[in-house]
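# Requesting a structural model of the entry that follows:
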Amino acid sequence: MDQLGQNRVLVPLQPMPQRGEIRDIADDWTGVTSTAQRRKLQNRLNQRARRRRNMELKSAASRNCSIPALLAPIATHGKHPSLQVRQSLGSHGQHGYQDDRPPRLVCGLQGQDKQAMIRRFAQQAYSEYMAGAHCLGNLPMLMGVNIFYALSRNATALGVSEEWLLCDGESPYCLQGPGLGEHTLQTSRLPLFDGPQSLRPTKMQLSIAHHPWIDLFPVPRLRDNLLAAISNDDPIDEDELCYDMVEVTDGGVKDKAALIIWGEPWDPRGWEVSELFLKKWGALLEGCWEMLEATNYWREKRGEKRLVF
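Predicted structure coming up:
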């Protein structure tokens, strides 16, 4: 008996989480000797567990898919909520001397409240995507956030960092035009360009003083059309145009003359024109054949009519 006891193997008894979804004795695969039948029962339980997890996630998403609940209050200034004034550090700078510089007018997208809202929304949207629990009411705002991230990535590729979010920013590619003191990106000559070719500056970008937000769109003809429209004798409202193309709002792109981004931000084939944008700003799309092809490609995938511009 002692020899048998020394060679005995003890099997610990513990709960089996694999059996947690068993609702009937017929679902119990333990003790089933047939490999095929055991696998069939295990697959049934796995599917039941997956459906339960998805229902729980969708239920949680439905309770939290309201966009207004995610929005932090955003101070507004001027004509559009995209503009607000960055306040200086009281009457003195950090080092105790008088700071007489005027406050810089900055885009609301750079505000801490707006950026925190965008981060929260992006995290929620990603979590829902991974869980397969999509909240369709979030889609318009998600499309607006995608535009912001696309332009931010192109700004990084061009090395303009946060300058494109400053209302008095100056494109580093303009070699002429009035300076803006220390608020201007100091550039005496065009640096070696090693970014995406679709973002390579055109002759108009080199000769017309402009804000760097225009440099971020990967369609050269569109950039030239924008520059022509803001510099002619009867210029368009650049603030309104920038608001439509860039600003992230709680309504997203649903009721706004906006663009839509698919894929990499530097690829012209990923930029779609919405019908509202075409109606309002269609004149700016003249000669932008890349955007026309991209727009109709994505519209056809959704079964929608082709656009002409």
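# low-scoring stretches of the stretch 1-150 of the chain, by residue?
The model of the stretch 1-150 of the chain has pLDDT under 70 over residues 1-31, 41, 43-115, 117-118, 121-122, 125-126, 128-129, 133-134, 136-138.
# Apply 50 and report the result again.
13-14, 57-110 (pLDDT under 50).
# What is the end-to-end distance of stretch 266-284?
Start to finish, the residues bounding stretch 266-284 are 19 Å apart (Cα to Cα, to the nearest Å).
# got the buried residues for that stretch?
By neighbour count on 16 or more other Cβ atoms under 10 Å, the buried set for stretch 266-284 is 266-274, 277-278, 280-281, 284. Placement of C-beta: from N, CA and C, glycine included.
# Quick check: the two most widely separated of those residues?
Greatest spacing in the buried residues of stretch 266-284, by Cβ to Cβ: 266 and 280 (25.3 Å).
# Need the pLDDT of the closest residue in space to residue 205 that isn't next to it in sequence.
Excluding its sequence neighbours, the residue lying closest to residue 205 (Cβ to Cβ, 6 or more residues apart in numbering) is residue 173, at 4.9 Å. Listed pLDDT for residue 173 reads 85.
# what's around residue 173, how many residues?
By the criterion of other Cβ atoms under 10 Å, residue 173 has 24 neighbours.
# looking at this, it is in a helix?
No - secondary structure of residue 173 (DSSP: H, G, I helix; E, B strand; the rest coil): coil, not part of a helix.
# my guess is it contacts residue 215, does it?
Yes - with contact defined as Cβ atoms under 8 Å, residue 173 reaches residue 215; the gap is 6.4 Å.
# what touches both of those two?
201, 205 (Cβ atoms under 8 Å, 6 or more residues apart in numbering).
# For residue 266, see how far away the residue nearest to residue 205 is.
Residue 173 sits 16 Å away from residue 266, going by Cβ to Cβ, to the nearest Å.
# Surely residue 291 is in contact with residue 271?
Yes - the criterion here is Cβ under 8 Å, and residue 291 meets it with residue 271 at 5.6 Å.
# Mutual contacts of the two, please.
Contacts common to residue 291 and residue 271, judged by Cβ under 8 Å, 6+ apart, are residue 219.
# hang on, residue 273 packs against residue 309?
Yes - contact status for residue 273 versus residue 309: in contact at 7.2 Å, counting by Cβ under 8 Å.
# what sits in contact with each of the two?
Common neighbours of residue 273 and residue 309 (Cβ under 8 Å, 6+ apart) are 285, 292.
# any idea where the helices of the stretch 201-309 of the chain begin and end?
Assigned by DSSP state H, counting those that start in this stretch, the stretch 201-309 of the chain shows helices spanning 203-207, 220-231, 238-246, 275-281, 289-301.
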